[in-house]
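Trainee: Quick one, fold the following:
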Amino acid sequence: MELRHLRYFVALAEHLSFTRAARQTHITQSTLSHQIRQLEDQVGQRLFDRVGKRVFLTEAGQNLLPRVLRALGELDEGLRALSPQDQVLTGWLRIAATHTFNVNLVPACLTEFLTRNPSMRVVVEELAASVIEERLLAGALDLGISYRPDHQQDLAFEPLYDEPLDLVLSPEHRWAARKWVRMAELHHQPVVLLSPEFTTRRLLDDCFRQCGAVPHLVAEMNTIGPILGLVRRMNIVAILSRQAVPEDGTLLSVPLETPTPMRSPGVLLRRNEVLPPHVASFLHTLRRACDKTSHSTRRL
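Mentor: Model prediction:
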């Protein structure tokens, strides 16, 4: 039995999803499945039940999990104790994100990162996805937070979580108290959307076609700030990530159903590049924050 088997076991036990566990551990789903089978062969018991695409811990798995967590926790604590105590991260971290992630996610991650590393300095830019890709390739950024690029072989993309798009509206809108809204209900309803050149807009157009809805398109905009401003001032709705909605209560987000528009945000890095310690540290902070986001956006 190797250490990696235990870490893969914990990841799958926490997520109960081969997709999310493989993403967290940075291996393929087939490799994860093979590693779990090896572990089960070594302990002589099934640790997971697989019913279709659903995964459940067996009784043996439930008994093993807390013991493995304690063992890994003590191991990690021991490794940290061996690390140089005077190691301080310094320098500049250069990141860029699209508007959606600069509203809540980036400030939250930077708060934690800079609190832990007060000697670090950060440059944050809000850019279009295509510009983020260009600046990464030019060496002007350390990492970007965006969506999967269509054609970019020199960049590595790591999905961070699955993100549903919500209906964004004012507290005075007649749907403000709804628990969800079906996409078909937007037929002939006034909406403001991103411009057609955005991948998100093409995704929404596909969803409208699926449910046979033709919304009344009041405006198309290429930035999110003016969209939010228009929703505040008019009795119309938008469809955006809930990450883009300010936390001041001036706007609300309501889940969409049948279908639910879904995207996968992620981090962009230069392919095969060894990350400097300060970049790796921020990426770790980002992954943990996005794992919490994934749990908070998952519907029961």
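
Trainee: All the strands of the chain, residue numbers only.
Mentor: Taking DSSP state E, the strands of the chain run over residues 48-51, 54-57, 91-97, 120-126, 143-147, 155-159, 163-169, 181-182, 190-194, 216-221, 237-241, 252-257, 262-263, 265-270.

Trainee: right, so those: which one is the most enclosed?
Mentor: Most buried of the strands of the chain by mean neighbour count (mean count of other Cβ atoms under 10 Å) is strand 237-241; its value is a mean of 25. Using the backbone N, CA and C atoms, a C-beta is placed for each residue, glycine as well.

Trainee: Show me what that strand is packed against.
Mentor: strand 163-169, strand 190-194, helix 224-233 (3 or more Cβ pairs under 8 Å, 6 or more residues apart in numbering; DSSP states H and E).

Trainee: CA atoms only: put that strand into PDB for me.
Mentor: Extracted C-alpha coordinates of strand 237-241, given in PDB (Å, rounded to 0.1, in the frame of the first residue of the first chain):
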ATOM      1  CA  VAL A 237     -33.500  40.000 -15.600                       C
ATOM      2  CA  ALA A 238     -30.000  38.800 -16.600                       C
ATOM      3  CA  ILE A 239     -28.400  35.300 -16.600                       C
ATOM      4  CA  LEU A 240     -25.000  35.300 -15.000                       C
ATOM      5  CA  SER A 241     -22.800  33.400 -12.500                       C
END
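
Trainee: That one pairs with which strands, parallel or anti?
Mentor: Sheet pairing for strand 237-241, assigned by DSSP bridges, gives strand 163-169 (antiparallel), strand 190-194 (parallel).

Trainee: So what's the gap between it and the chain middle?
Mentor: Centre-to-centre, strand 237-241 and its host chain are 17 Å apart (Cα atoms, centre = their mean, to the nearest Å).

Trainee: avg pLDDT for it?
Mentor: In this model, strand 237-241 has a mean pLDDT of 94.

Trainee: what is the orientation angle of that strand with strand 265-270?
Mentor: If you take axes from the mean of the first three to the mean of the last three Cα atoms, to 10 degrees, strand 237-241 sits at 50 degrees to strand 265-270.

Trainee: one step back: in a markdown table: the strands of the chain, plus distance to L203.
Mentor: Putting the strands of the chain into a markdown table (distance: least, Cβ to Cβ, whole Å) gives the following:
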| stretch | distance to L203 |
| --- | --- |
| strand 48-51 | 30 |
| strand 54-57 | 26 |
| strand 91-97 | 19 |
| strand 120-126 | 21 |
| strand 143-147 | 10 |
| strand 155-159 | 15 |
| strand 163-169 | 8 |
| strand 181-182 | 17 |
| strand 190-194 | 10 |
| strand 216-221 | 15 |
| strand 237-241 | 9 |
| strand 252-257 | 12 |
| strand 262-263 | 7 |
| strand 265-270 | 13 |
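
Trainee: nearest to V10, of these?
Mentor: Shortest distance between V10 and the strands of the chain, using Cβ to Cβ, is found for strand 54-57: 11.2 Å.

Trainee: Rounded mean pLDDT for that closest one, please.
Mentor: Averaged over strand 54-57, pLDDT sits at 88.

Trainee: can you list the residues that contact that strand?
Mentor: Contact with strand 54-57 is made by L12, A13, L16, S17, F18, L47, F48, D49, R50, L65, as judged by Cβ atoms under 8 Å, 6 or more residues apart in numbering.

Trainee: Switch the residues you listed over to TSV; also include distance to E257 and pLDDT.
Mentor: Formatted as TSV, those follow (distance: Cβ to Cβ, whole Å; pLDDT from 0 to 100):
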residue	distance to E257	pLDDT
L12	29	89
A13	30	88
L16	23	88
S17	21	86
F18	25	86
L47	34	92
F48	30	92
D49	29	90
R50	28	86
L65	34	88
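
Trainee: ok, so of these, who is nearest H151?
Mentor: Closest to H151, out of all of these and judged by Cβ to Cβ, is F18, at 27.9 Å.

Trainee: quick one: that closest one from N117, how far?
Mentor: When Cβ to Cβ, to the nearest Å is applied, the distance between F18 and N117 equals 34 Å.

Trainee: now swap in L194 and tell me
Mentor: Taken as Cβ to Cβ, the span from L194 to N117 is 35 Å.

Trainee: The closest residue to N104 other than its chain neighbours and L283: what is the separation?
Mentor: Among residues not flanking N104 along the chain, Q243 sits closest, at 5.5 Å (Cβ to Cβ, 6 or more residues apart in numbering). Noted for Q243: a distance of 18 Å to L283, by Cβ to Cβ.
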